[in-house]
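Colleague: I'd like to go over a predicted model; first the sequence, then the structure.
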Amino acid sequence: MARPLRPDQLAAALKKQVASAYYLHGSETLLKDEALATIIAGVLDPSVRDFNLDTVSAQQLDPDQLAGVASTMPMMAEHRVVIVRDVEVWKRKTKAKLAAAAYLEAPSPESVVVLVQGDDKAADAALIKHATPVDCAAPVGEALDAWLDHRLQQANVTLEPDAREHLLRATGGDLGLLAAECGKLAGLGGGAAIDREVVGGLVGIRFGETVDDWRDALLRDDLQTAITILPRVLEQGGVSGVRMVMVVGGSLLMMQWARAEAERQKRKGRALANDVKSCCFQVRPMVGDYLSFANLAGEVVGRWSLPRLTKAVRAAHAADVALKSTTISDELGILTDLTLALAASRTRKAA
């Protein structure tokens, strides 16, 4: 198997060498579409693209069809591109899959086959063995920052730092939403850096009123802010009580790890924040932007003793159970109770 690539590495890799087959997999459909566009642009001349591009569905592919299509000579070009979508429908002993695997072992030098897996499950071992994998998993941390910066650059948009942070928080890092908002921002035209008020108005979520902002207020023991913004956060489109509790629960579990690490390694501040960031990239918790959360953890971990965190995790679990029951209370009431419970768990000094 060739060295795996990220979508943002494809353009440079294609300039060095064009592989005979690529395998696109991962959870982000938008990244798969971008990777496909990059491969097509890097391999085919636009003037003869239509003559040398074929797209087929694995569900409708006859056993010998891939080899037949891929063996067709390109027209007025060095290569042709054959895209096979939905390869996840091929089961272990499907004849079409066995034929495709056999073709990949001895591919046509004139064709570039691109296998696209539609779901987010693990890549098929038999198919990826003789292809260059392209990992289209949801980007986080620096990878998400790089993706957003590239989009903003394409749109000729400059954001002030807190406006950029708000855009990430308001969209939850969802690439589809970010792409749509970048498109809206592009409509404002280039020029001076756009501030957070403009971004908030465009996104429809005011600065300081995202799910992450509510979580931050809870961990900072800022009860007034948490209670004030709670109903406004909950009424936003795409936000639910369950999602909010999942973010808080994931954050509290990471805080437990951070507090234990702080006590075991005598870590605090920036050093602890770096440890939290590294752990986030390994376990991928639902805590929003990893860098922002890591900095927050380094800031507030001293307020949260391990016994307090244990109680807080139990309170979050109870809220999750209550939210999934239709007979107890409404979302706002349950989340208000959780907010008050976390505030009440505070001792005079935890560290």
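Modeller: Nice, thanks for sending it over. Numbers count the residues shown, from 1 in each chain.
Colleague: residues near Asp54, how many?
Modeller: Residues lying near Asp54 (other CB atoms under 10 Å) number 15. Quick note: C-beta positions are derived from backbone N, CA and C, even for glycine.
Colleague: for the one 5 residues further on, same thing?
Modeller: The burial count assigned to Gln59 is 12, neighbours taken as other CB under 10 Å.
Colleague: can you give me the helices in the stretch 151-300 of the chain?
Modeller: Taking DSSP state H, counting those that start in this stretch, the helices of the stretch 151-300 of the chain run over residues 161-171, 175-186, 196-203, 211-219, 223-234, 241-265, 269-283, 290-300.
Colleague: which residues are contacting the last one?
Modeller: Residues outside helix 290-300 that contact it (CB atoms under 8 Å, 6 or more residues apart in numbering) are 140-142, 165, 169, 212, 216, 219-221, 251, 254-255, 258, 268-274, 276-277, 280-281, 287.
Colleague: keeping just the C-alphas, turn it into PDB.
Modeller: C-alpha atoms of helix 290-300 as PDB (Å, rounded to 0.1, in the frame of the first residue of the first chain):
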ATOM      1  CA  TYR A 290      -8.900  21.300  20.500                       C
ATOM      2  CA  LEU A 291      -6.500  24.200  20.900                       C
ATOM      3  CA  SER A 292      -9.100  26.400  22.400                       C
ATOM      4  CA  PHE A 293     -10.200  23.700  24.800                       C
ATOM      5  CA  ALA A 294      -6.700  22.800  25.800                       C
ATOM      6  CA  ASN A 295      -5.900  26.400  26.700                       C
ATOM      7  CA  LEU A 296      -9.100  26.500  28.700                       C
ATOM      8  CA  ALA A 297      -8.300  23.300  30.600                       C
ATOM      9  CA  GLY A 298      -4.800  24.700  31.400                       C
ATOM     10  CA  GLU A 299      -6.500  27.800  32.700                       C
ATOM     11  CA  VAL A 300      -9.300  26.300  34.900                       C
END
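Colleague: beyond that helix, next helix or strand please.
Modeller: Downstream of helix 290-300, the next assigned helix or strand under DSSP states H and E is helix 306-323.
Colleague: what residues does that following helix touch?
Modeller: By CB under 8 Å, 6+ apart, helix 306-323 touches 241-242, 245-246, 248-249, 252-253, 255-256, 259-260, 263, 304, 328-329, 331, 334-335, 337-338, 341-342, 345-347, 350.
Colleague: filter those residues to the buried ones?
Modeller: Among the contacts of helix 306-323, those buried by neighbour count (16 or more other CB atoms under 10 Å) are 241, 245-246, 248-249, 252-253, 255-256, 259, 304, 331, 334-335, 338, 341-342, 345, 350.
Colleague: circling back: quick check: which of the helices of the stretch 151-300 of the chain is nearest to Cys136?
Modeller: helix 175-186 (10.1 Å; CB to CB).
Colleague: quick one, grab the pLDDT at the residue most central in space within the chain.
Modeller: Residue closest to the average C-alpha location in the chain (CA atoms, centre = their mean): Ala138, at 2.9 Å. Model confidence at Ala138, given as pLDDT, is 87.
Colleague: wait, it sits on Leu178?
Modeller: No. Here Ala138 does not reach Leu178: they are 11.3 Å apart, not a contact under CB atoms under 8 Å.
Colleague: number of residues surrounding Ala312?
Modeller: That count, for Ala312 with other CB under 10 Å as the rule, works out to 25.
Colleague: from Asp124, how far off is it?
Modeller: Distance of Ala312 to Asp124, given as CB to CB, to the nearest Å: 42 Å.
Colleague: which SS class is the residue nearest to Glu105 when sequence neighbours are not counted?
Modeller: Distance criterion CB to CB, 6 or more residues apart in numbering; nearest residue to Glu105, sequence neighbours excluded, is His130 at 5.6 Å. Put simply, His130 is coil when judged by DSSP: H, G, I helix; E, B strand; the rest coil.
Colleague: mind listing what His130 touches?
Modeller: Listed by CB under 8 Å, 6+ apart, the contact set of His130 reads 1, 21, 101, 104-105, 107.
Colleague: SS state for the residue of the chain positioned farthest from its centre?
Modeller: Centroid-distance maximum for the chain: Met76 at 39.6 Å, with CA atoms, centre = their mean. What three-state DSSP gives for Met76 is coil.
Colleague: I'd say it and Asp50 touch.
Modeller: No. Using CB under 8 Å, Met76 is not in contact with Asp50, being 11.4 Å away.
Colleague: elements contacting the helix or strand where Ala143 lies?
Modeller: Assigned by DSSP H and E, Ala143 falls within helix 141-154. With contacts taken as 3 or more CB pairs under 8 Å, 6 or more residues apart in numbering; DSSP states H and E, helix 141-154 sits against helix 161-171, helix 175-186, helix 269-283, helix 290-300.
Colleague: burial check on the closest residue to Val113 other than its chain neighbours, number of neighbours?
Modeller: Spatial nearest neighbour of Val113, excluding adjacent residues (CB to CB, 6+ apart): Ala21 at 4.5 Å. Ala21: 22 surrounding residues under other CB under 10 Å.
Colleague: residues in contact with Ala21?
Modeller: 104, 107, 112-115, 130-132.
Colleague: what about it, distance to Lys129?
Modeller: According to CB to CB, Ala21 stands 10 Å off from Lys129.
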